[in-house]
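Engineer: missing the sequence, but the structure's below:
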């Protein structure tokens, strides 16, 4: 019995000195920009620019707000509250400037300062601005996160202009007024 305890003790202490298998060092930065390296790899950046160009092609209007100070859960709640056809994305300024090159949205280059959250609106401008305004009210961000500006048909508008455009009747409302 004593011998088996001594042997068991020797085996346990010997296993403490064996080396663990070495982990291969990661030399890729793919994981530093999401699962696919969308923010850091060249392929990820090209993909982001292509996605933004597609969003611009289908958008009637875009507008931007400051992205700093908004938590992930708050951003998710805001995304859920947006009407169908509106996409919200945080895009690096350099990638946004490359995406708007040669499009009617090129003048938004003036707004590319700081961290920006962009809203790409296909149809419901009023609903999108209303959803954002209710978000700022709900999370007490009215003072710090007002609309910086927007663009429709190649013309930049300040916050007051975006708000005024959002109050105009939509195409569907105009058609119903005419038909009704």
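Structural biologist: Cool, got the structure. Not measured: the values here are computed from a predicted model.
Engineer: show me what contacts residue 121?
Structural biologist: Residue 121 makes contact with 59, 60, 61, 62, 63, 85, 86, 128, according to CB atoms under 8 Å, 6 or more residues apart in numbering. Just so you know, the C-beta spots here come from the backbone N, C-alpha and C atoms, and that holds for glycine as well.
Engineer: grab the nearest non-local neighbour of the first one.
Structural biologist: Meaning residue 59. Once flanking residues are discounted, residue 59 sits nearest to residue 120: 4.4 Å by CB to CB, 6 or more residues apart in numbering.
Engineer: list the helices and strands the longest helix belonging to the chain packs on?
Structural biologist: In the chain, with assignment by DSSP state H, the single longest helix is helix 42-58. Judged by 3 or more CB pairs under 8 Å, 6 or more residues apart in numbering; DSSP states H and E, helix 42-58 is in contact with strand 86-90, helix 93-100, strand 116-121.
Engineer: show me what counts as buried in that helix.
Structural biologist: By neighbour count on 16 or more other CB atoms under 10 Å, the buried set for helix 42-58 is 44, 45, 48, 49, 51, 52, 53, 55, 56.
Engineer: what do you get for stretch 114-133?
Structural biologist: 116-132.
Engineer: just name the shakiest helix or strand of the chain by mean pLDDT.
Structural biologist: Ranking every helix and strand in the chain by mean pLDDT, DSSP states H and E puts helix 2-15 at the bottom, with a mean of 56.
Engineer: any weak-confidence spans in the chain?
Structural biologist: Scanning the chain with the threshold set as pLDDT under 70 gives 1-39.
Engineer: does residue 123 touch residue 87 like I think?
Structural biologist: No: counting by CB atoms under 8 Å, residue 87 is not a contact partner of residue 123; they are 12.0 Å apart.
Engineer: give me the number of residues near residue 169?
Structural biologist: By other CB atoms under 10 Å, 11 other residues sit near residue 169.
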